[in-house]
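J.: Structural data only, the sequence is not supplied:
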């Protein structure tokens, strides 16, 4: 089946007075044009679904995969925008997420299917070899892609992620053990009572507000932000996600256990087959504990590990300058 692309273009420009100076020399005009970045967005019809993408920047392609599962690319912005100065950034909303098409049958939400979606977008946009950056769940997806299609990769960047769901679940056990007893008991009681089917009809297919506050606002929060907490962070607002996808992939029994189909993420023993240049980024206080990243670095020969100091899971929010510098230098290392 051929892929089809529908696209529109947006223009991001410097203030008009800069562009309006007609008396400037051709060299000066070219300099002003170098400050203009054209953004394109559209949909790729791939594997029977319409997958949303948006692209911005100049240079070799850097495809960026979001987490969740079931979030969207939006949370990367504006933090990673400086990377567009040296790379063409391609953000994808994964199947069922953000602006991409949803499935009627949630069993189609698998990491294996999403690997094929990423490959379909790469082919449809004629990207050739790509650098691939995945954050959180997107990092697990990036590993799955690399394990099947590493011949299409020039670089791999794994951000705040895990290679073993069993190991990630062990991290969650330790996280719960360090909670204040009152908070842990409150979370345990809500999980034991079941997290879905409560409240009014429109509320029954998502976590309750009380659980969102307890899990995301209290339990997770110290592991999400550390240096620059987003003042607009709202644990209930975090509930604006693709719940059908989330329940299928993460599971239905709470934030502190992955028991959906992401149990298939057991890649640690296969990571040694990855031969492309790899950078692993993690926060010092990350939800995906740095110990998980150290294991990945030990398995991938020649890989680099960057632990962002005083940072949680959102490394590019807590340490935006350092994150961009680390990624930029990795992608554009000077050769002797």
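T.: That came through fine. Being a predicted model, the structure only gives us computed values, none of them experimental.
J.: all contacts plus neighbour counts: C-alpha atoms, from now on.
T.: OK.
J.: Would you mind listing where the protein has pLDDT under the threshold?
T.: 1-32, 335-336 (pLDDT under 70).
J.: Let me see the ranges of the helices in it.
T.: Taking DSSP state H as the criterion, the chain contains helices spanning 16-19, 26-33, 111-124, 137-149, 165-177, 181-193, 209-212, 221-224, 243-249, 290-299, 315-318, 320-331.
J.: now those in TSV, with mean neighbour count and distance to residue 157?
T.: Putting the helices of the chain into TSV (neighbours: other Cα atoms under 10 Å; distance: least, Cα to Cα, whole Å) gives the following:
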stretch	mean neighbour count	distance to residue 157
helix 16-19	10	36
helix 26-33	13	30
helix 111-124	19	15
helix 137-149	23	8
helix 165-177	16	19
helix 181-193	14	34
helix 209-212	18	30
helix 221-224	20	19
helix 243-249	22	22
helix 290-299	19	11
helix 315-318	26	13
helix 320-331	16	8
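J.: For residue 68, which of those helices is the nearest?
T.: With distances scored as Cα to Cα, the stretch of the helices of the chain nearest to residue 68 is helix 137-149 (5.9 Å).
J.: angle of the closest one against helix 165-177?
T.: With axes from the mean of the first three to the mean of the last three Cα atoms, to 10 degrees applied, the angle from helix 137-149 to helix 165-177 works out at 170 degrees.
J.: and helix 137-149, what does it pack onto?
T.: With contacts defined as 3 or more Cα pairs under 8 Å, 6 or more residues apart in numbering; DSSP states H and E, the packing partners of helix 137-149 are strand 60-65, helix 111-124, strand 130-135, strand 153-159.
J.: okay, the angle between the first one and strand 153-159?
T.: Using the same axes, to 10 degrees, the direction of strand 60-65 lies 40 degrees away from that of strand 153-159.
J.: Not counting strand 60-65 itself, show me its contacts.
T.: 73, 86-94, 127, 129-135, 138-139, 141-142 (Cα atoms under 8 Å, 6 or more residues apart in numbering).
J.: Distance from the chain centre to it, please.
T.: Centre-to-centre, strand 60-65 and its host chain are 12 Å apart (Cα atoms, centre = their mean, to the nearest Å).
J.: same deal with the longest one?
T.: Put simply, helix 111-124 sits 15 Å off its chain's centre (Cα atoms, centre = their mean).
J.: What is that helix packed up against?
T.: For helix 111-124, the helices and strands in contact under the criterion 3+ Cα pairs under 8 Å, 6+ apart are strand 37-46, helix 137-149.
J.: Ok, which of the ones you listed comes nearest residue 104?
T.: Nearest to residue 104 among those is strand 37-46; the distance by Cα to Cα comes to 16.3 Å.
J.: That closest one: which residues count as buried?
T.: In terms of neighbour count (16 or more other Cα atoms under 10 Å), strand 37-46 has its buried residues at 37, 39, 40, 41, 42, 43, 44, 45, 46.
J.: is it possible to export these to JSON lines including distance to residue 329?
T.: Conversion of those to JSON lines gives the following (distance: Cα to Cα, whole Å):
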{"residue": "37", "distance to residue 329": "21"}
{"residue": "39", "distance to residue 329": "24"}
{"residue": "40", "distance to residue 329": "26"}
{"residue": "41", "distance to residue 329": "27"}
{"residue": "42", "distance to residue 329": "30"}
{"residue": "43", "distance to residue 329": "31"}
{"residue": "44", "distance to residue 329": "31"}
{"residue": "45", "distance to residue 329": "34"}
{"residue": "46", "distance to residue 329": "33"}
